[in-house]
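**Q** Here is my input, please return the structure:
(chains A and B)
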Amino acid sequence: VISFVLDGIHPHDVATVFDSEGVAVRAGHHCAQPVMLRYDIPATTRASFYVYNDLDDVDALASAVRATQSLFAD
Amino acid sequence: MDNLYRDFILEHYKHPHNKGTLDPHDLHFADSNPTCGDEMSMTLRLDGSRAAIADVAFDGRGCAISQASASILTDGLRGQSLDQVREMNPKDLLDELGVPIGPARLKCALLSYKVLQGAVRGGEVAWPAEAEAEAVG
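**A** Residues are numbered from 1 along each chain as shown, chains lettered A, B, ... in the order given. Predicted structure coming up:
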């Protein structure tokens, strides 16, 4: 399970763009608000892997990260 | 790319209009959307008649939808009477955003409306029914 934030992009925006790229992730507090306060972040995006995921899915995730960053680039 | 993030929304998010705090101001309200952590405050200045809006600013942090919505909403407020603002239909704001807002993001889109209503009504108002709708657009 990997929780992450992309600089300057709200995790809910990240999740929505990932969704449009065919990548399903969870975004939010994950019932861990004290951790969000500790790191001064509104939420995180969280990707988890299971038995049906393969390397192509990892590539799709990486490609969704790049697509999101380029969409929000100034 | 995703419909929700067409240039119009992204432009308002990256370069928001009316961002900041008016000091001094006549009306002020702040609220948040606890499920996503979006925070927003609005300050308004009234004109000489005390019944219409002379100037407005919003501040806060949150997702692109909530920030763009506040930028677009506040753009149309100068010169509006307080009565007009109180009778504003939240659906008009959703229409103005011009993109389909899914059920998961309706509260992002309507937080600015809720904060504005809190300011012109002098206290917190409930989420508009549109925020609970199944889907819009």
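**Q** For the residue nearest the centre of chain B, give its distance to residue A:31.
**A** Among the residues of chain B, the one closest to the centroid is residue B:112, at 2.3 Å (C-alpha atoms, centre = their mean). Between residue B:112 and residue A:31 the distance is 27 Å, computed by C-beta to C-beta, to the nearest Å. C-betas here are computed from N, CA, C, even on glycine.
**Q** The helix or strand of chain B with the lowest mean pLDDT: which residues count as buried?
**A** In chain B, the helix or strand scored least confidently by mean pLDDT, DSSP states H and E is helix B:7-14, which has a mean of 91. By 16 or more other C-beta atoms under 10 Å in any protein chain shown, the buried positions in helix B:7-14 come out as B:9-10, B:12-13.
**Q** And the helices in chain B, which stretches?
**A** Under the criterion DSSP state H, chain B contains helices at B:7-14, B:64-75, B:82-86, B:90-97, B:106-121.
**Q** Also chain A?
**A** Secondary structure of chain A (DSSP H): helices at A:11-20, A:33-39, A:55-72.
**Q** Could you pull up the mean pLDDT of the first one?
**A** Confidence for helix A:11-20, expressed as mean pLDDT, is 93.
**Q** same question, the longest one
**A** Confidence for helix A:55-72, expressed as mean pLDDT, is 96.
**Q** What would it look like as PDB? C-alpha coordinates only.
**A** Coordinates of each C-alpha in helix A:55-72 appear next as PDB, following Å, rounded to 0.1, in the frame of the first residue of the first chain:
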ATOM      1  CA  LEU A  55       3.700  -4.700 -14.000                       C
ATOM      2  CA  ASP A  56       1.400  -3.100 -16.700                       C
ATOM      3  CA  ASP A  57      -0.700  -1.800 -13.800                       C
ATOM      4  CA  VAL A  58       2.400  -0.200 -12.200                       C
ATOM      5  CA  ASP A  59       3.200   1.400 -15.500                       C
ATOM      6  CA  ALA A  60      -0.300   2.700 -15.800                       C
ATOM      7  CA  LEU A  61       0.000   4.200 -12.400                       C
ATOM      8  CA  ALA A  62       3.300   5.900 -13.200                       C
ATOM      9  CA  SER A  63       1.800   7.200 -16.500                       C
ATOM     10  CA  ALA A  64      -1.300   8.600 -14.600                       C
ATOM     11  CA  VAL A  65       1.100  10.400 -12.200                       C
ATOM     12  CA  ARG A  66       2.800  12.100 -15.200                       C
ATOM     13  CA  ALA A  67      -0.500  12.900 -16.900                       C
ATOM     14  CA  THR A  68      -1.800  14.500 -13.700                       C
ATOM     15  CA  GLN A  69       1.300  16.600 -13.200                       C
ATOM     16  CA  SER A  70       1.300  17.800 -16.800                       C
ATOM     17  CA  LEU A  71      -2.500  18.700 -16.500                       C
ATOM     18  CA  PHE A  72      -1.800  20.900 -13.500                       C
END
